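[1] Build me a structure from this.
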Amino acid sequence: MDWLGLTVTLGITGGLCVGGGWWFVHCQRQARFLLDTPTSKIRSAAQGYVELYGFLVDSETPLSGPLSGLPCLWWSYRIEEYQRRSNNNNSSWRTLEQKSSAAMLKLDDSTGQCLIDPSGAKIIPVSRQVWHGDRRHPLAGQPQHWFSAALLGRRRYRYTEERLHAGEPLYAIGHFYSKGGGHQTLNAEAMQSAIIRQWKQDFPALLQRFDRNRDGQFDAGEWQQVRQAALQQAQQQKRQQATAPAGHFMRKPDENLPFILSSHGEDQLARKLRWKSLGGALLCIAGALASAHVLNGL
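    Sure, this is the predicted structure:
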């Protein structure tokens, strides 16, 4: 009996079974998070993992698609080259270059605005273009010269560009947090300690201000005055922070939770995830049946 071949076969079929099962659980888990998380309003959203829905608005730094030149708020592109082999069955597209923008996105839901850091997000835009050409970059340089094309063969490139545009709807689920307006401020004691540490960096100026008897050091009474002045400044800073308008932000969650930005709504996203999970279940069953067939043949 070929034990090596049997081990390899069972490893492949078992891997299909385990991989399909993992994919099924992963997609079902993401779909459950999307459907179980209620949509919040930016103005009243709790701090933490939330779901928002609104429209993209123009940012202060407008972008344009690197391959198409079209104005947008976010882009992602990929450039591939067609690799022709002697055996056409082995010909394939090879990725030469791919990149995504990292500029902040601004979401407006009529109750407020939220700045979103797209780093680490799964972004599903509605605008996606795929086209072909004979230059590595469609907006740079001239087409391939006829002499080099005749000598080396005409090169084929495939360009893929995805974009998000102002005015498009955006579904966002991730870690939401606010700054200003009394959010995420230190207590007065912690701010007092920070102020004193800052003052100590210029110790001669601190002595000049609070050393009343000019002996070059602080006695108990003078040090108490330092602490009292720092506390008063801390309380003033807290009042200023409380009256400042709050800024709202979203980023990738620290936990292993979905971070998704999509031009499609949650129902459509959940439906796609359910179909993907079905594919994982079928792969798991196929791997299990194949393993059972191999073992029954022993």
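[2] residue boundaries of the helices in the stretch 101-250 of the chain?
    According to DSSP state H, counting those that start in this stretch, the stretch 101-250 of the chain carries its helices in the segments 146-152, 188-200, 203-210, 220-243.
[3] what's in contact with the last one?
    Among residues not part of helix 220-243, those counted as contacts by Cβ atoms under 8 Å, 6 or more residues apart in numbering are 180-182, 185, 188-189, 191-196, 199, 206, 210-213, 218. C-beta here means a position set from N, CA and C on the backbone, and glycine is covered the same way.
[4] CA atoms of that helix as PDB?
    Provided in PDB are the C-alpha atoms of helix 220-243 (Å, rounded to 0.1, in the frame of the first residue of the first chain):
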ATOM      1  CA  ALA A 220       6.100  73.000  51.600                       C
ATOM      2  CA  GLY A 221       4.100  76.100  51.300                       C
ATOM      3  CA  GLU A 222       5.600  77.100  48.000                       C
ATOM      4  CA  TRP A 223       5.100  73.700  46.500                       C
ATOM      5  CA  GLN A 224       1.500  73.800  47.700                       C
ATOM      6  CA  GLN A 225       1.100  77.000  45.700                       C
ATOM      7  CA  VAL A 226       2.500  75.200  42.600                       C
ATOM      8  CA  ARG A 227       0.000  72.400  43.000                       C
ATOM      9  CA  GLN A 228      -2.900  74.800  43.500                       C
ATOM     10  CA  ALA A 229      -1.900  76.900  40.400                       C
ATOM     11  CA  ALA A 230      -1.600  73.700  38.300                       C
ATOM     12  CA  LEU A 231      -5.000  72.500  39.500                       C
ATOM     13  CA  GLN A 232      -6.700  75.800  38.600                       C
ATOM     14  CA  GLN A 233      -5.200  75.600  35.100                       C
ATOM     15  CA  ALA A 234      -6.300  72.000  34.800                       C
ATOM     16  CA  GLN A 235      -9.900  72.900  35.700                       C
ATOM     17  CA  GLN A 236      -9.800  75.800  33.200                       C
ATOM     18  CA  GLN A 237      -8.700  73.400  30.400                       C
ATOM     19  CA  LYS A 238     -11.400  70.900  31.300                       C
ATOM     20  CA  ARG A 239     -14.000  73.600  31.000                       C
ATOM     21  CA  GLN A 240     -12.600  74.700  27.600                       C
ATOM     22  CA  GLN A 241     -12.600  71.000  26.400                       C
ATOM     23  CA  ALA A 242     -16.200  70.600  27.600                       C
ATOM     24  CA  THR A 243     -17.400  73.500  25.600                       C
END
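[5] relative orientation of it and helix 188-200 in degrees?
    120 degrees (axes from the mean of the first three to the mean of the last three Cα atoms, to 10 degrees).
[6] quick one: pLDDT of residue 32?
    Reading off the confidence values, residue 32 has pLDDT 73.
[7] Based on its surroundings, how many neighbours for it?
    13 (other Cβ atoms under 10 Å).
[8] where's it relative to residue 276, distance?
    Residue 32 is 14 Å from residue 276, where distance means Cβ to Cβ, to the nearest Å.
[9] Need the overlap of contacts for those two.
    Counting by Cβ under 8 Å, 6+ apart, nothing touches both residue 32 and residue 276.
[10] Turn the helices of the stretch 101-250 of the chain into a markdown table, columns for distance to residue 173 and mean pLDDT.
    As requested, these are exported to a markdown table (distance: least, Cβ to Cβ, whole Å; pLDDT from 0 to 100):
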| stretch | distance to residue 173 | mean pLDDT |
| --- | --- | --- |
| helix 146-152 | 48 | 49 |
| helix 188-200 | 32 | 84 |
| helix 203-210 | 49 | 85 |
| helix 220-243 | 28 | 82 |
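[11] Any idea which of those helices gets closest to residue 95?
    Nearest to residue 95, of all the helices of the stretch 101-250 of the chain, is helix 146-152, at 20.6 Å by Cβ to Cβ.
[12] for stretch 201-215, which positions count as buried?
    206, 210, 211 (16 or more other Cβ atoms under 10 Å).
[13] Next: stretch 122-133.
    Buried residues in stretch 122-133, counted by 16+ other Cβ under 10 Å: 123, 124, 125, 127, 133.
[14] rewinding a little: give the buried subset of the contacts of helix 220-243 as a PyMOL selection command.
    Burial among the contacts of helix 220-243 is assessed by 16+ other Cβ under 10 Å; the matching PyMOL selection reads:
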select buried, resi 180+185+188+191+192+195+196+199+206+210+211+218
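[15] re the thing from before, need the buried residues of stretch 122-133 in CSV with pLDDT and distance to residue 170, can you?
    Formatted as CSV, these follow (pLDDT from 0 to 100; distance: Cβ to Cβ, whole Å):
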residue, pLDDT, distance to residue 170
123, 93, 10
124, 89, 10
125, 92, 9
127, 92, 12
133, 91, 31
